[in-house]
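> fold the following.
(chains A and B)
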Amino acid sequence: METYLLLKVLWWLLLGALLMGLAIMVGMDMGVGTILRWVGRTDAERRVALNIVGPHWDGNQVWFILGGGAILAAWPLIYATAFSGLYVVMLLLLWSMIVRPLGFEYRSKLRSARWRGAWDWSLFVSGFVPMLVFGAAIGNMLQGVPFHFSWNLTSYYTGSFIALFNPFAILCGLLSVAMAVFMGAVTVMNGAEGAMHGRARQLALWAGVAAVVLFSIGGLWVSGMSGYHLVRGPDLGAAQTPLQQVVERARGDWLGNFSVHPILWLVPAAGYAGVLLGTWAARRNLSHLAWWLGALGWIGVIGTVGAAMFPFMMPSSSDPSQSLTVWNASSSAHTLTWMLGFTLVFLPLVIWYTGWAFWVMRGKVTTQHVESDEHAY
Amino acid sequence: MINDTVVELSRWQFAATALYHFLFVPLTLGLSLMLAAMETVYVTTGREIYKRMTQFWGKLFLINFALGVATGLTMEFEFGTNWSFYSSFVGDTFGAPLAIEGLMAFFMESTFVGLMLFGWDRLSRAQHLAVTYLVALGSNLSALWILVANGFMQDPQGARFNPLTMRMELSSFSDLIFSADAQSKFVHTSVAGYVTAAMFVAGISAYYMLRNRHMELAKRSFRMAALFGVLATAGVITLGDALGFVGGHAQPAKLAAMEALWKSEPAPMAFNVVAAPSQSARTNLWSVQVPGALSLLVTHSLDGTVPGADALERQAAVRIRNGIPAVEALQQLSRNPGDAQALAQFKAHERDLGFGFLVQRYAPGQDASKATPADIERAARETIPEMWPVFWSFRLMVGLGLLMLAYFILAVIYTLRNDVERKRGFLRLALWAIPVPFIACEMGWLVAEIGRQPWTVFQVLPTWMSASTHSVAYMVFSLTGFVVLYSIFIAIEMYLMVRTVRAGPHEPAHAGS
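The predicted structure is shown next:
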């Protein structure tokens, strides 16, 4: 019982770590895609931007794929309910994302300006849209989504597709885009010289300021929003389904965890510190430091959502008592244990060789280099 | 209520996206290994030509790889978007290999593919070789985990249904990954990928030889492909036979469909070389038979027998009757998890729960407890998959496999006699035969997946129950979107492939072609 409870919480933390890894690593590449047309004015400059993330985007994207697989393995009800409920939004995400590998691999294969221009636009779409959807999805989780289950846990989504793009969700989406643009811009600062470096710096400053403003508005909005709280349910460490609990809604519920454990205020504080200091570092041209601070910002922002919602993961707005929580949506103890074993062995390994790959490819990318290297994107 | 049209459209969408993804995967599996082999020769002998070979085939590898990655994204999320009941029902078990695939294999493959492309001038020769090997290892490990997941759908080992959480839960991790079906399917499928890569490299090398271009690179690549291909094809046929043996034992209905076997017969059973199975008439409209051969082929003895569709339907009807009380008990347990009587009833009928689910589709109000004898008979008939597509995909796959074996034997003879460039007819054939292994791979997928119907998880979860509860309009929208996007993608990919092949490998300035 106690072990199972611990495993559920541990996997909730790991899900958070996964979302942070995804946001930092994939977000950086998508940020570069989003600003590609502005940070690079000539074809050679755009190729520089693409080749800065060129050796890494593919490995980074696995964070996203692993996100799908790990949620299925550890949180099958979330995987099933969220991805089918947000169907059209998921399609937007997938359809825009699947253009990205082609954009990187195929763009510079032909010399035609129209060909390359078309791929530049598709790289913009495949950077901007997924990050917007990523943030909007989290925004919808905070508000709750209309769904319910039948007796055998078949899920039914009863909302419309347009409802998923409500003002609060769009705000969260824009926050996510701003964070991604910040990370993308400081990544370009890291790898580019001269005019591109200056433009990237400018974009990083704007994105940093936008992120702080959006995060603040979002925070105020959430504090006044109607959240959810668990009234009663089965023992937290017991195997259970979402059909066995009672949940109620009240304004300010999402601040409940913060008032019980004031130390949690450090989490949004880390978000602010990361983005504000990151913006300062970008201003001072300390692009490496700005990258790490931006990553801290992501950790703070995503951590804030987790701290506010715990133990809720996907609340149901139409039938709150069928909300998905840390306690009722996880896999069995046996599966969580096996998956934890694999994670403990392989995640450090992944981080180690990813670090090695970045170290091998360190240094500046120049227009001369891009034009002389036949392997370059 | 579950809408049949939505389920049907979900099936079409999954089949379309999976078959499409599977156009790129086999080539990645095989070509990554061939690149590693070429680069090994380069590093050990120091001969520049092998570096150029690695780089040229590496270029084609990446054009193919990009679409494999792109369409793989769809697959990772499609279980959730379109098969949500399936996902929550078996995610506890099925999700584990999928997640481990990402963590152990796909991260490795994707991180090192970047270094493989960009690292030529930054890594030592040995380091770059190690990176190429890690890409090959990553892609093959990836196939292993995906096929462990698929093996669970074919022969669900290592999981048990938990009535308190309403799902299949992992009971033994080792049973899951060492399931005979998963392991035999993994080796058969990955080696099929090696055949695909060998045909691809041989075909394009033949194109250069026909035009007297890049002769050295083409002849060396051809030789490597021929040797690799003959071993792989012999392997894929042997392993396919083993898979048939294992799979036939676990899924007799699939075997019956593969062999168009409607009626059980005493040994030795006759083999239908070709036939026209009719699902409605429950018989073959015509067939060409070899007496006694089926026993030999599927049981490897003359006195072995396998059940026909008639016997399997009778067994299914018994299991459906036994499964109905399991569904009823489960419904009670959903309302009251503490109901001891319902739990006892469930335990007594647990083994046939999936069959109880199966009959719901035809029962009044989709309520299993109201199923009539006619509904039960109808559901029992459904346990025999549509025979003609399974029978003919299987024959096409095996036929093409045997033809490829003959082709590679000839290729090896010619290349070892060192006169392949003069066999112009053979070279032309080699060029036009490039699509053959791709077709054979797709046929293999069809046999495996249509042959498993009407189940997503064999005898545990019916396909009909597995789909998400979308509207028809949503499904039409998404299916149309996928068809349009994927058609554009393949056109672009083929164009770039052909263009890159036409342009040919980069030749050093001082050497002639």
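
> in the longest helix anywhere in chain A, what counts as buried?
In chain A, with assignment by DSSP state H, the single longest helix is helix A:2-39. By neighbour count with 16 or more other CB atoms under 10 Å in any protein chain shown, helix A:2-39 contains the buried residues A:4-5, A:7-9, A:11-12, A:14-16, A:18-36, A:38-39. (Each C-beta comes from the backbone N, C-alpha and C, glycine too.)

> what pLDDT, on average, does that helix get?
Helix A:2-39 shows a mean pLDDT of 95.

> which other helices and strands contact it?
helix A:43-53, helix A:57-74, helix A:99-106, helix A:113-143, helix A:167-191, helix A:194-224, helix A:287-309, helix A:333-360 (3 or more CB pairs under 8 Å, 6 or more residues apart in numbering or on different chains; DSSP states H and E).

> closest residue of chain B to chain A?
Per CB to the nearest CB, B:G91 is where chain B lies closest to chain A, at 2.5 Å.

> on the three-state scheme, that residue is what?
helix (DSSP: H, G, I helix; E, B strand; the rest coil).

> residue contacts, it?
B:G91 sits next to A:L72, A:A73, A:P76, A:L77, A:Y79, A:A80, A:S331, B:R167 when contact means CB atoms under 8 Å, 6 or more residues apart in numbering or on different chains.

> switch the residues you listed over to JSON lines; also include neighbour count, pLDDT and secondary structure.
Formatted as JSON lines, these follow (neighbours: other CB atoms under 10 Å in any protein chain shown; pLDDT from 0 to 100; DSSP: H, G, I helix; E, B strand; the rest coil):
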{"residue": "A:L72", "neighbour count": "29", "pLDDT": "96", "secondary structure": "helix"}
{"residue": "A:A73", "neighbour count": "29", "pLDDT": "96", "secondary structure": "helix"}
{"residue": "A:P76", "neighbour count": "32", "pLDDT": "96", "secondary structure": "helix"}
{"residue": "A:L77", "neighbour count": "29", "pLDDT": "96", "secondary structure": "helix"}
{"residue": "A:Y79", "neighbour count": "27", "pLDDT": "96", "secondary structure": "helix"}
{"residue": "A:A80", "neighbour count": "29", "pLDDT": "95", "secondary structure": "helix"}
{"residue": "A:S331", "neighbour count": "28", "pLDDT": "96", "secondary structure": "coil"}
{"residue": "B:R167", "neighbour count": "24", "pLDDT": "94", "secondary structure": "strand"}
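
> next secondary structure after the helix or strand harbouring B:R223?
In the assignment (DSSP states H and E), B:R223 maps to helix B:215-250. Counting by DSSP H and E, the element after helix B:215-250 in chain order, helix or strand, is helix B:252-258.

> so which elements touch that next one?
The contact analysis (3+ CB pairs under 8 Å, 6+ apart) places helix B:252-258 against helix B:215-250, helix B:309-335, helix B:387-416, helix B:435-450.

> which one of these has the lowest average pLDDT?
Across the helices and strands packed on helix B:252-258, helix B:215-250 has the smallest mean pLDDT, namely a mean of 90.

> relative to helix B:387-416, how tilted is that one?
150 degrees (axes from the mean of the first three to the mean of the last three CA atoms, to 10 degrees).

> and helix B:215-250, anywhere near chain A?
No. Under the criterion of CB under 8 Å from any CB of the partner chain, chain A is not reached by helix B:215-250; the shortest gap measures 16.0 Å.

> other SSEs contacting that helix?
helix B:4-45, helix B:48-82, helix B:180-210, helix B:252-258, helix B:293-299, helix B:387-416.

> which parts of the stretch 151-300 of chain A sit against chain B?
Contact residues (CB under 8 Å from any CB) of the stretch 151-300 of chain A with chain B: A:W151, A:N152, A:L153, A:T154, A:S155, A:Y156, A:Y157, A:A239, A:Q240, A:T241, A:L243, A:Q244.

> the fifth one - nearest residue in space that isn't next to it in sequence?
The reference is to A:S155. Spatial nearest neighbour of A:S155, chain neighbours left out: A:T81 (4.5 Å); criterion: CB to CB, 6 or more residues apart in numbering or on different chains.

> ok, the one you found to A:Y4 distance?
Remark: distance between A:T81 and A:Y4 (CB to CB, to the nearest Å) = 21 Å.

> before we move on, the earlier item: in the helix holding B:R223, what's buried?
Going by neighbour count (16+ other CB under 10 Å), the buried part of helix B:215-250 is B:217-237, B:239-241, B:243-248, B:250.

> low-scoring pLDDT stretches of the stretch 401-513 of chain B, where are they?
Along the stretch 401-513 of chain B, the model assigns pLDDT under 70 to residues B:509-513.

> interface residues of it facing chain A?
Proximity of the stretch 401-513 of chain B to chain A (CB under 8 Å from any CB) is limited to residues B:465, B:468-470, B:474, B:477-478, B:481, B:485, B:489, B:492, B:496, B:499-500, B:506.

> on that earlier part again, among the residues of the stretch 151-300 of chain A next to chain B, which two are most distant?
Spatial extent of those (CB to CB) is set by the pair A:Y157 and A:A239 at 25.2 Å.

> which of those two has more neighbours?
The residue with more neighbours, out of A:Y157 and A:A239, is A:Y157; 23 against 18, by other CB atoms under 10 Å in any protein chain shown.

> domain map for chain B?
Residue ranges for the domains of chain B, per automatic domain parsing: B:4-251+B:386-500, B:322-382.

> measure the shortest one end to end?
Pointing back at domain B:322-382 there. End-to-end distance of domain B:322-382 (CA to CA, to the nearest Å): 17 Å.

> for stretch B:21-30, which outside residues touch it?
B:61, B:64-65, B:67-68, B:71-72, B:74-75, B:139-140, B:143, B:189-190, B:192-198, B:200, B:232, B:437-438, B:441-442, B:445, B:490.

> any idea what sits nearest the closest residue to chain B within the stretch 1-150 of chain A, other than its immediate chain neighbours?
Closest residue of the stretch 1-150 of chain A to chain B, CB to the nearest CB: A:P76 (2.5 Å). Setting aside the residues directly before and after it, A:P76 is nearest to B:G91 in space (CB to CB, 6+ apart), at 2.5 Å.

> do the same with B:N150
Once flanking residues are discounted, B:N150 sits nearest to B:K185: 6.7 Å by CB to CB, 6+ apart.

> how far away is the spatially most central residue of chain B from B:F438?
For chain B, the residue nearest the mean C-alpha position is B:W445 (4.0 Å; CA atoms, centre = their mean). When distance is defined by CB to CB, B:W445 is 11 Å away from B:F438.
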